[in-house]
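In: 3D model of this:
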Amino acid sequence: MRTDDELRREIGKITWFHSIDLRPGITTPGHANERFTLSLLNLPADLTGKTVLDIGCWDGFYSFECERRGAKRVVAADVWESAGRAGFDLAREELGSAVEPVQASVYDLPGVLGGERFDLVLFLGVLYHLRHPLLGIEKVAACTKPGGLCFVDTLVDVGALTDGRPMMAFYPGDEVNHDPTTWWAPNIFALQAMLKASGFANAYSVVQLFAGDRTIAHAVKATDEQCAQMAAEDDDSRHLRGTGWL
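Out: Numbers count the residues shown, from 1 in each chain. Now for the predicted structure:
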């Protein structure tokens, strides 16, 4: 077991995104706002017996928090393409955590996980980094149990909120915070519609942050039967059945 000084030296070798309490008086020097977001997520205080998938986990703050709240199984997924996985691995080791790391993009997760579905899926700070956001949400839905919850934290575009139409803004460069990895931001109406189109029976914005340009949304996954019915109705409406085109 490392001494406190040894642990601090190991922490100092890593670029941290999350601030994780590893020992009394020792917290990793992250620069994210995860504690503020956690206070607004409405994450269940007791996750005993639940399975959790944390997509885009980075250093694992939310994964370890769900484990602390009693989740029986937590899978932490990311591509770890920028700062690497060293922070997650050190935190996991120091906490004696059983959180399971999976290196995969959201697009590949249903296959990598063998079709497993989870009671709670966290999709925090990921959607706006996707080139194909609707496909990403469909993959998230495929990983969520019928009746399960999905929590989404995402950038939303405040310029498209005025008339109730679902819209998305496209950022081809580094227009958002000089970050070239940000591609899209839906408005809240689009986010809700995308979630419902992907198999969530109920989706709503819980809170808007930072002058309205970010939101936390909750969505409940529909049953398999409801999903099949929604898909059939969508197919009928989009392929012009009965109009003479088919």
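
In: next up, the contacts around Val106.
Out: With contacts defined as Cβ atoms under 8 Å, 6 or more residues apart in numbering, Val106 is in contact with Ile55, Gly56, Ala77, Phe123, Val126, Leu130, Gly136, Lys139, Val140. C-beta: built from backbone N, CA, C; applies to glycine.

In: just list whatever residues bridge to Leu122.
Out: Per DSSP bridges, the residues bridged to Leu122 are Asp54, Phe151.

In: hey, what's Asn202 bridged with?
Out: Here Asn202, judged by DSSP bridges, has bridge partners Val220.

In: I'd say it and Val220 touch.
Out: Yes - using Cβ atoms under 8 Å, Asn202 is in contact with Val220, at 4.5 Å.

In: higher neighbour count, those two?
Out: Val220 (16 against 13; other Cβ atoms under 10 Å).

In: if we can go back for a sec, narrow the contacts of Val106 to those in helices?
Out: Members of these lying in helices (criterion: DSSP state H): Gly136, Lys139, Val140.

In: as TSV, these with neighbour count and pLDDT would be great.
Out: Formatted as TSV, the ones in helices among the contacts of Val106 follow (neighbours: other Cβ atoms under 10 Å; pLDDT from 0 to 100):
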residue	neighbour count	pLDDT
Gly136	23	98
Lys139	21	98
Val140	27	98
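
In: and which of the residues you listed is nearest Gly25?
Out: Ranked by distance to Gly25 (Cβ to Cβ), the ones in helices among the contacts of Val106 are led by Val140 at 37.1 Å.

In: got a markdown table for the contacts of Val106, with distance to Gly212 too?
Out: Formatted as a markdown table, the contacts of Val106 follow (distance: Cβ to Cβ, whole Å):
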| residue | distance to Gly212 |
| --- | --- |
| Ile55 | 24 |
| Gly56 | 23 |
| Ala77 | 29 |
| Phe123 | 20 |
| Val126 | 20 |
| Leu130 | 21 |
| Gly136 | 23 |
| Lys139 | 27 |
| Val140 | 23 |
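
In: need the max-distance pair from those.
Out: Checking these with Cβ to Cβ, the most distant pair is Ala77 and Leu130, at 13.9 Å.

In: what stretches of the protein score poorly on pLDDT?
Out: Low-confidence segments of the chain (pLDDT under 70): 160-162, 210-211, 239-246.

In: longest helix anywhere in it?
Out: Longest helix in the chain by number of residues, with DSSP H as the criterion: helix 224-238.

In: still on that earlier bit, who has more neighbours, Ala77 and Leu130?
Out: When Ala77 and Leu130 are compared for neighbours, Ala77 comes out ahead with 26 against 21, by other Cβ under 10 Å.

In: what are the phi and psi angles of the nearest residue to that one once chain neighbours are set aside?
Out: Nearest residue to Ala77, sequence neighbours excluded (Cβ to Cβ, 6 or more residues apart in numbering): Val102, at 4.5 Å. Main-chain dihedrals, Val102, degrees, to the nearest 10: phi -130, psi 120.

In: and Val102, how many residues sit next to it?
Out: 16.

In: state the distance from it to Gln229.
Out: 31 Å (Cβ to Cβ, to the nearest Å).

In: what about Tyr171, distance to Val158?
Out: 14 Å.

In: quick one: residues contacting the residue nearest the centre of the chain.
Out: Centroid check for the chain by Cα atoms, centre = their mean gives Phe123 as the closest residue, at 0.8 Å. Contact partners of Phe123, counting by Cβ under 8 Å, 6+ apart, are Ile55, Gly56, Val106, Val140, Cys150, Phe151, Val152, Asp153.
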